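> return atomic coordinates for the entry below.
(one chain, ligands or ions: 1)
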Amino acid sequence: MEVINNIKLMQEISESIRYSKKKIAVVPTMGYLHTGHISLIRRAKEIADIVITTLFVNPTQFGPNEDYDKYPRDFNRDFELTKYNGSDYLFYPDTKEMYPINFSTSIDISKITEKFEGVFRPGHFKGVATVVAKLFNITKPHYAIFGQKDYQQTLVIKRLVEDLNFDIEIIIVPTIRDYDGLALSSRNTYLSKLEREKAGILFKAIETVKSEIAKGQRERLILNSHLHKTLRQIPEIKIDYASCAIANTL
Ligand code: PAF
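Model prediction:
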């Protein structure tokens with residue numbers, strides 16, 4: 001596996017892969033890889049000839065009081081994991097390479113970004129859409145693979161691809177969960193042992209709603225009350241948002 005830090009070089013490599021009629025899949029990540037990311041790389045490997053994993057902790061998708069500085073980073077471990085799991089290239093630019101001094105463009109997607117995560121993290125999806133568009137232009141993929149865990153993000157990226165006519169197939173891979181159902185996430189490392197144990201309630205809440213739906217319940221308000229009641233079994237929990245929604249539009 002080759003590590004590429006330079007945008008121009010990555011574009012040249014991608015161009016020559018395309019010229020040789022091989023298919024490229026890109027797996028965009030912010031690193032600190034876990035089994036969820038690995039499942040994306042493996043899926044990429046199944047469908048494409050060449051896999052490019054990108055590793056860039058994108059500052060523009062973090063708010064001023066968010067965790068950009070303390071976001072977990074471990075390049076050597078990420079390098080070994082991407083290589084071992086069959087990635088052909090690891091695109092690993094620094095911030096100056098991605099956002100040179102005169103950088104002034106951003107992609108602002110309306111509607112789908114105006115709910116849930118978009119309300120609690122203003123500007124987050126603008127940062128995501130902009131960096132993902134850049135990564136698409138740099139790696140020139142036929143396929144791009146994302147995890148279903150960040151569900152709203154998957155809808156934002158599909159909207160980006162449709163609205164700006166990127167000729168790329170977006171592939172969404174199911175969430176990988178821990179022993180108690182908690183979705184794997186690089187940020188789970190922030191949790192203390194006790195907080196980690198309590199976080200299992202998130203999955204319990206989803207399962208409660210799922211079983212109500214299986215019994216025929218379709219009233220959003222009733223489903224939401226089951227969701228919130230289950231979450232409140234942990235008294236210290238502070239809910240930003242938790243809601244059932246229409247899958248395609250939220
Ligand atoms: O899901 C992520 O890790 C990031 O939002 C992404 C898609 C790599 C863009 O920085």
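> where does this protein come near the ligand, residue by residue?
Proximity of the chain to the ligand (CB under 6 Å from any ligand atom) is limited to residues 28-30, 58, 61, 128, 131-132, 150, 153. All C-beta spots, glycine's among them, are computed from the backbone N, C-alpha and C.
> okay, those residues in JSON lines with pLDDT, secondary structure and neighbour count next?
Below are the residues of the chain next to the ligand laid out as JSON lines (pLDDT from 0 to 100; DSSP: H, G, I helix; E, B strand; the rest coil; neighbours: other CB atoms under 10 Å):
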{"residue": "28", "pLDDT": "98", "secondary structure": "strand", "neighbour count": "23"}
{"residue": "29", "pLDDT": "98", "secondary structure": "strand", "neighbour count": "23"}
{"residue": "30", "pLDDT": "98", "secondary structure": "coil", "neighbour count": "19"}
{"residue": "58", "pLDDT": "98", "secondary structure": "coil", "neighbour count": "21"}
{"residue": "61", "pLDDT": "98", "secondary structure": "helix", "neighbour count": "21"}
{"residue": "128", "pLDDT": "98", "secondary structure": "helix", "neighbour count": "25"}
{"residue": "131", "pLDDT": "99", "secondary structure": "helix", "neighbour count": "22"}
{"residue": "132", "pLDDT": "99", "secondary structure": "helix", "neighbour count": "24"}
{"residue": "150", "pLDDT": "97", "secondary structure": "coil", "neighbour count": "17"}
{"residue": "153", "pLDDT": "98", "secondary structure": "helix", "neighbour count": "20"}
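> dump these to a markdown table, plus distance to residue 139.
Formatted as a markdown table, those follow (distance: CB to CB, whole Å):
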| residue | distance to residue 139 |
| --- | --- |
| 28 | 9 |
| 29 | 12 |
| 30 | 15 |
| 58 | 15 |
| 61 | 18 |
| 128 | 16 |
| 131 | 12 |
| 132 | 11 |
| 150 | 19 |
| 153 | 18 |
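> for residue 72, state which of the residues you listed is nearest.
residue 30 (9.3 Å; CB to CB).
> ok, the residue nearest to that closest one when sequence neighbours are not counted - how many residues close by?
Nearest in space to residue 30, with sequence neighbours left out and distances taken as CB to CB, 6 or more residues apart in numbering, is residue 57 at 4.8 Å. Neighbour count for residue 57, taken as other CB atoms under 10 Å: 17.
> pull the contacting residues for residue 57.
30-31, 68, 71, 73 (CB atoms under 8 Å, 6 or more residues apart in numbering).
> swap in residue 115?
Contacts of residue 115 by CB under 8 Å, 6+ apart are 152, 245, 250.
> repeat that with 6 Å
residue 250 (CB atoms under 6 Å, 6 or more residues apart in numbering).
> same deal with residue 29?
By CB under 6 Å, 6+ apart, the contact list for residue 29 reads 37, 55.
> same thing but at 8 Å, please
If a contact means CB under 8 Å, 6+ apart, then residue 29 has 37, 40, 53-55, 78 as its contacts.
> if I look at the closest residue to residue 123 other than its chain neighbours, how far off is the ligand?
Counting by CB to CB, 6+ apart, residue 63 is the residue found nearest to residue 123 once chain neighbours are left out, at 6.3 Å. Applying CB to the nearest ligand atom, to the nearest Å, the value for residue 63 to the ligand is 14 Å.
> contacting residues around residue 63?
Counting by CB under 8 Å, 6+ apart, residue 63 has contacts 121-124.
> how close does residue 170 get to residue 85?
From residue 170 over to residue 85 the distance is 21 Å, taken as CB to CB, to the nearest Å.
> all strands of this structure, in order?
Listed in chain order, the strands of the chain (DSSP state E) span 2-4, 24-29, 50-55, 89-91, 143-147, 169-173.
> between the ones you listed, which gets nearest to residue 14?
strand 24-29 (6.2 Å).
> can you check what angle separates that closest one from strand 50-55?
Calculated by axes from the mean of the first three to the mean of the last three CA atoms, to 10 degrees, strand 24-29 forms an angle of 20 degrees with strand 50-55.
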